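> The amino acid sequence is not available; the structure is as follows:
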């Protein structure tokens, strides 16, 4: 089972990063600007990406300042049943985010795409916290082009 | 063995992308601006990242417009013996780059970091080809912060 792994270091306390992962306002600032639901423990969060995609997750586990774990309930078929994990490790004034999107049944071209896209969004998370402005959907960095 | 997977779609012919992966000038435009050696078949390429890192690869296989495969000879210990693969697939005016950094013995925090960093550099490759200006080291997007 291939996992998507990423890491970013954010110059902020773990508490700030944790808030960006566990509140609708925080999540809307870096992943999808159209985020609804309940980001607290046992909550269901709905991330809308225009007409083309929606991701529904259940908040499986939260440890304040340390861990956020979601299970994907509905999304692209490759995502259903996968888990999305954010581990936070603060070292002085920097919080490292160790990200894992785990449980893919097999690697596909979509896995490749999602891996690059997660990196773009984690950089968006870092920019939101450090600079005050992330690049959530629909203002996200484009990595794919459509043939014309 | 975990693999790092990525994909970007570049609005350009496969030949242009292939040239960016098989010439020193092309490589210097998106990965490290200090790239030396020989990027043709059986060549050795040396990527310098300031004082802190160097990556030496051997060009294992080239298929014009389709495939570039390197083996890492010297670098961070986790990288030695790994392979870096770029598969190109052109669909009308867009070339998809399927990237794989394969053969990691185990996933470490450094794997997480490198995965995110590869994404940043592949976006740099896309920007270089589409917009004429990439962000190679030392002008690369920073993803880590050092504790102060």
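Nice, I can see it. The shown structure was predicted, so the numbers you read here are calculated from the model rather than taken from an experiment. Numbers count the residues shown, from 1 in each chain, chains lettered A, B, ... in the order given.
> contacts and neighbour counts: CA atoms only from here.
Noted.
> Report how many residues lie close to the nearest residue to residue A:145 once chain neighbours are set aside.
Leaving aside its sequence neighbours, residue A:145 sits nearest to residue B:9 (C-alpha to C-alpha, 6 or more residues apart in numbering or on different chains; 4.9 Å). Neighbourhood size, residue B:9 [other C-alpha atoms under 10 Å in any protein chain shown]: 24.
> and residue B:9, helix, strand or coil?
Classification of residue B:9 by DSSP: H, G, I helix; E, B strand; the rest coil places it in strand.
> Any regions of chain A where pLDDT drops low?
Across chain A, the ranges flagged by pLDDT under 70 are A:1.
> which bits of chain A sit near chain B?
A:2-11, A:91-94, A:96, A:98-99, A:109, A:111-116, A:119-120, A:123, A:126, A:143-148 (C-alpha under 8 Å from any C-alpha of the partner chain).
> quick revisit: could you double-check that the residue nearest to residue A:145 lies in contact with residue A:144?
Yes - look at residue B:9 against residue A:144 with C-alpha atoms under 8 Å: they come within range, at 4.1 Å.
> quick one: common contacting residues for those two?
residue B:96 (C-alpha atoms under 8 Å, 6 or more residues apart in numbering or on different chains).
> if we can go back for a sec, can you select the buried ones among the residues of chain A next to chain B for me in PyMOL?
The buried residues among those can be selected in PyMOL (16 or more other C-alpha atoms under 10 Å in any protein chain shown) with this line:
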select buried, chain A and resi 2+3+4+5+6+7+8+9+10+11+91+94+96+98+99+111+112+113+114+115+116+119+120+123+126+143+144+145
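> now, which of the residues of chain A next to chain B lie within helices?
A:109, A:111-116, A:119-120, A:123, A:126 (DSSP state H).
> Buried residues of stretch A:59-79, list them for me.
Counting neighbours by 16+ other C-alpha under 10 Å, stretch A:59-79 gives A:59-60, A:62, A:65-75, A:78-79 as buried.
> could you pull out the strands for chain A?
A:4-10, A:34-37, A:44-49, A:53-63, A:67-74, A:83-91, A:94-102 (DSSP state E).
> now for those strands, which one comes closest to residue B:133?
Closest of the strands of chain A to residue B:133 is strand A:4-10, at 24.1 Å (criterion: C-alpha to C-alpha).
> Who are the packing partners of the closest one?
strand A:94-102, helix A:109-131, strand B:4-10, helix B:109-131 (3 or more C-alpha pairs under 8 Å, 6 or more residues apart in numbering or on different chains; DSSP states H and E).
> For the buried residues of stretch A:59-79, which two are the farthest from each other?
Counting by C-alpha to C-alpha, the most remote pair of the buried residues of stretch A:59-79 is A:65 and A:78, 29.4 Å apart.
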